[in-house]
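>>> give me a model of this one.
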Amino acid sequence: MYSACRHDFGYLGGTSWAICSALVCQTEQHQDLEKLFGAFFDIMSSTPASMKPSVQRGNAGLKVMLPVGSNLCANPNLTASAAQQLQKEFRRGNRMFAKIQQREADWKQIFSVSKFFERYYHYLQFDITASSEEIMFQWLSWCRQHLQGIADMLETGGNCHLITRPWPEWMPFKDCEWHSAIAHFIALRVLPHTQNEAEPEGTRPVIDLREILVTLLERLCAWPLATEHFGEFDLYIRHTSQAEVKSWLTALDGGFPVKRLHRCTQTQVLEKLAESMSVICEKEKSTLPRLAEEDLVQFMVKLSVEGFPQAVKVRRMQKYSGTVVRAPEWINESPESPWKPGTAVCAEVARDLGGTGEVLLLQSNCGQIRFQSGDRVTFCLPKASEDGYLPEAKLVMLSHTDRPAGSVLSCCRLHLPRPLSDGKQPAPLNLDLHAFSSKVVLSGLSIDVGEAELMRFFSKQGATKGIVAHARGCSFASITFPSCVDVATFLGRSAHAFADDKETRIALLLNRSPIRCPAADEARLPALPAPTIRPGEAPASIFVNWAPLQLALGYASPCGGASSSWDEGALRREEGEALWLVWASILLKH
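Purely as a prediction, here's the structure:
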């Protein structure tokens, strides 16, 4: 369905594919059909050392040799860009076959249709027209011969900064003026422009295709039958946007003739193309509006005249909003990749990029937040995805969740530098951190750490209050944030720079395995201050009073005498925020 069985624009032709298939059958001659299918993708995407003489790696990527003559190549027109695209398809097929073997995919996905007309925003459209089928056959044969290599010309000629992908199919259509008409599309992607030092600041990049297209038109106009068939054939070349292509395809699917607004001369074609490509660059590199807080940006860093780092070539990224469908899951199958990726769905992505709007969620792009299905997230997509793969979401942040207040948002470690003490630099704190909807709980504090020291860092992260509780063997802290979004913003980044003692320090949030169990004698959630005890009004009763713990979902507090069995106390809340535990009829033995 990818129609790569053409060599008009540098792809492999039928002979080349036949030789490649024969090579696989010869190499794996004792395998069944299914194994041969997998071997094809494995061999074609393998390294040069494993290739047979009939299929070699050349400068362009893949060189198929004919079994006759001496060093005769079956694909002399294979371009570097086409070879790169073929290699992507071979690797995709190899991965897809592995998933089929593991029953994670079916055979239909091998033959899935490429979203060529949804993936790109700009195209060059070539319309070949003629007054009869006979003239079309001759005129098209000449055009196909001389359009070979046009993709390489566009990528390497002049001052171009383009990546091209030709669609390997010629597409017949109905034209209002001509009896026979056929079209071809080449997708264009503008690469980021690197400004030279000699260029003045703010210079707008211009992609000029006129020299390349003049050379192409000179080739085509040299058709030997042009004089004989004067006025009975024509060629239209124009830049087409994605919206125009979709409108064109709609007319094609409906069987309607395609209308042109006016007929362009050769000079007008070249001027329109130059203007269109200039518009592309203008859209790609347009001046950004003033940045606002929480905008996502991409930039490069260089030293200023004074030697300080400064951001240059700042580009604001589009921020998308979506819903988590499947959260990243800890599987611990390998140390390098212990997390199984999750997915999220976004209507804006479906509208802008086509498809279902599904994006890939890698835990490495989510900071230290542990997502759940149904969470609302924001993210950006810095790079376009390869064919057959979901786009990878970056800078994923939690924007809303319906989880209960006591739910854990994160479980990680905090590496926190400490301020100077008596002119010496103490060792940094390494604390266990549990995050909830509006609080962060720290454990493992040393006895000399107080609220003031912790809030020197956390106040810069938006926290409003800190409480430290010291207990035997371990100390804890509770840091309060205004809302769940503030906690999520803190957890969304793994590194936090803050100014302290006229120095810039960096606090790190480090991974902690969700299934790692603490030692039996090491507490990780907070101990409460010692409760107060007083005699009750009823005979043989006492009152125990302690501060409430907001993240607690329930309490169990057994009580018993020196030799009697343990009984559960009845819990009730009275006025104020204190919790009272009442035991009745307890026999105090001496």
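>>> wait, Pro172 touches Ala181, no?
Yes. Between Pro172 and Ala181 there is a contact at 6.9 Å, judged by C-beta atoms under 8 Å. Heads up, the C-betas are built off the backbone N, CA and C, glycines and all.
>>> which one of those two has more residues nearby?
Ala181 (21 against 13; other C-beta atoms under 10 Å).
>>> just for the stretch 51-200 of the chain, where's the confidence low?
51-62, 68-81, 113, 157-161, 191-200 (pLDDT under 70).
>>> meant to ask about the stretch 401-550 of the chain, not that
For the stretch 401-550 of the chain (pLDDT under 70), the answer is 472-473, 513-530, 540, 546-550.
>>> which parts of it are strands?
With DSSP state E, counting those that start in this stretch as the criterion, the stretch 401-550 of the chain has strands at 410-416, 429-435, 439-445, 465-471, 474-480, 495-500, 503-510, 532-535, 542-546.
>>> contact partners of the fifth one?
This points to strand 474-480. The list of residues contacting strand 474-480 from outside it, by C-beta atoms under 8 Å, 6 or more residues apart in numbering, reads 438-447, 449, 451, 454-455, 458, 463-469, 522-523, 525-527.
>>> so how do I select the buried members of the residues you listed in ChimeraX?
Buried residues within these, by 16 or more other C-beta atoms under 10 Å, are selected in ChimeraX with:
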select :438,439,440,441,442,443,444,445,449,454,455,458,463,466,468,469,523,526
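>>> quick check: bridge partners of the residue nearest the centre of the chain?
Nearest to the mean C-alpha position of the chain, by C-alpha atoms, centre = their mean, lies Glu392 at 1.6 Å. In this entry, Glu392 is beta-bridged to Leu360, by DSSP bridges.
>>> isn't it right up against Leu381?
Yes. With contacts defined as C-beta under 8 Å, Glu392 counts as touching Leu381 at a distance of 7.4 Å.
>>> any residues in contact with both of these two?
Contacts common to Glu392 and Leu381, judged by C-beta under 8 Å, 6+ apart, are Val359.
>>> can I get the strands of the stretch 401-550 of the chain in a markdown table with distance to Leu398?
What follows is the strands of the stretch 401-550 of the chain, written out as a markdown table (distance: least, C-beta to C-beta, whole Å):
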| stretch | distance to Leu398 |
| --- | --- |
| strand 410-416 | 10 |
| strand 429-435 | 11 |
| strand 439-445 | 14 |
| strand 465-471 | 22 |
| strand 474-480 | 18 |
| strand 495-500 | 17 |
| strand 503-510 | 14 |
| strand 532-535 | 39 |
| strand 542-546 | 32 |
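>>> of all the ones you listed, which lies closest to Pro166?
strand 495-500 (43.5 Å; C-beta to C-beta).
>>> list the neighbouring strands of the closest one plus their orientation.
strand 503-510 (antiparallel).
>>> how about the strand it pairs with: buried residues?
Buried, per 16+ other C-beta under 10 Å, within strand 503-510: 505, 507-509.
>>> okay, the residue nearest to the centre of the chain and Gly354: tell me how far apart.
As judged by C-beta to C-beta, to the nearest Å, Glu392 and Gly354 stand 16 Å apart.
>>> same question, Ser114
Ser114 is 11 Å from Gly354, by C-beta to C-beta.
>>> those two: which is more packed in?
Legend: neighbour count by other C-beta under 10 Å for Ser114 and Gly354, higher for Ser114 (17 against 14).
>>> now Ser241: phi and psi?
Per-residue torsions, Ser241: phi -80, psi 170 (degrees, to the nearest 10).
>>> isn't it right next to His122, touching?
Yes. Contact criterion C-beta under 8 Å: Ser241 and His122 qualify, at 6.4 Å.
>>> who's more crowded, the two?
It is His122, of Ser241 and His122, that has more neighbours when counted by other C-beta under 10 Å, with 22 against 16.
>>> what do Pro172 and Ala181 both touch?
By C-beta under 8 Å, 6+ apart, no residue touches both Pro172 and Ala181.
>>> domain boundaries for this protein, per the record?
14-111, 122-195+202-284, 318-400, 410-510, 532-583 (automatic domain parsing).
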